[in-house]
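K.L.:
Sequence first, predicted model second:
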Amino acid sequence: MEIVIVGIDCATAAKKVGLAKSVLVDGQLRLEAVEQDHTGMDIAARITQWISATGPTLIAMDKASTSQATTLFH
């Protein structure tokens, strides 16, 4: 079974949001992509592309500090 893992490093500006995609197959974790410098809707589109249609996907997000307004799809 293949498990897709999507990491989202939240930020106050869309261009600073970090994205990462890894895949876990047969106990081996493979990093497939690391990206930054997107616009808000590009972030949503990229995450949508990475979500597995055939198996589970884990989405992991960091928590912005309370003094930050998290911008993901702005």
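P.N.:
Perfect, thanks for sending it.
K.L.:
Give me the helices and strands touching the helix-or-strand element of the chain with minimal mean pLDDT, please.
P.N.:
The helix or strand of the chain with the poorest confidence is helix 40-50; it has a mean of 90 (mean pLDDT, DSSP states H and E). Secondary-structure packing of helix 40-50 (3 or more CB pairs under 8 Å, 6 or more residues apart in numbering; DSSP states H and E): strand 2-9, strand 18-25. Just so you know, the C-beta spots here come from the backbone N, C-alpha and C atoms, and that holds for glycine as well.
K.L.:
Go through those strands and name the closest to residue 62.
P.N.:
strand 2-9 (5.6 Å; CB to CB).
K.L.:
What are the buried residues along that closest one?
P.N.:
Buried residues in strand 2-9, defined by neighbour count with 16 or more other CB atoms under 10 Å: 4-8.
K.L.:
Closest to residue 57 out of those residues?
P.N.:
Distance to residue 57 across the buried residues of strand 2-9 (CB to CB) is lowest for residue 4, with 4.4 Å.
K.L.:
I'd like to know how far the closest one sits from residue 39.
P.N.:
Using CB to CB, to the nearest Å, residue 4 is found at 23 Å from residue 39.
K.L.:
Count residues in the vicinity of residue 21, would you?
P.N.:
Applying other CB atoms under 10 Å, we find 20 residues neighbouring residue 21.
K.L.:
ah, wrong one, I meant residue 32
P.N.:
By other CB under 10 Å, the residues close to residue 32 number 11.
K.L.:
Wait, residue 46 touches residue 19, no?
P.N.:
Yes: using CB atoms under 8 Å, residue 46 makes contact with residue 19 at a distance of 6.0 Å.
K.L.:
if I look at these two, which residues touch both of them?
P.N.:
Counting by CB atoms under 8 Å, 6 or more residues apart in numbering, the shared contacts of residue 46 and residue 19 are 35, 38.
K.L.:
Thank you, goodbye.
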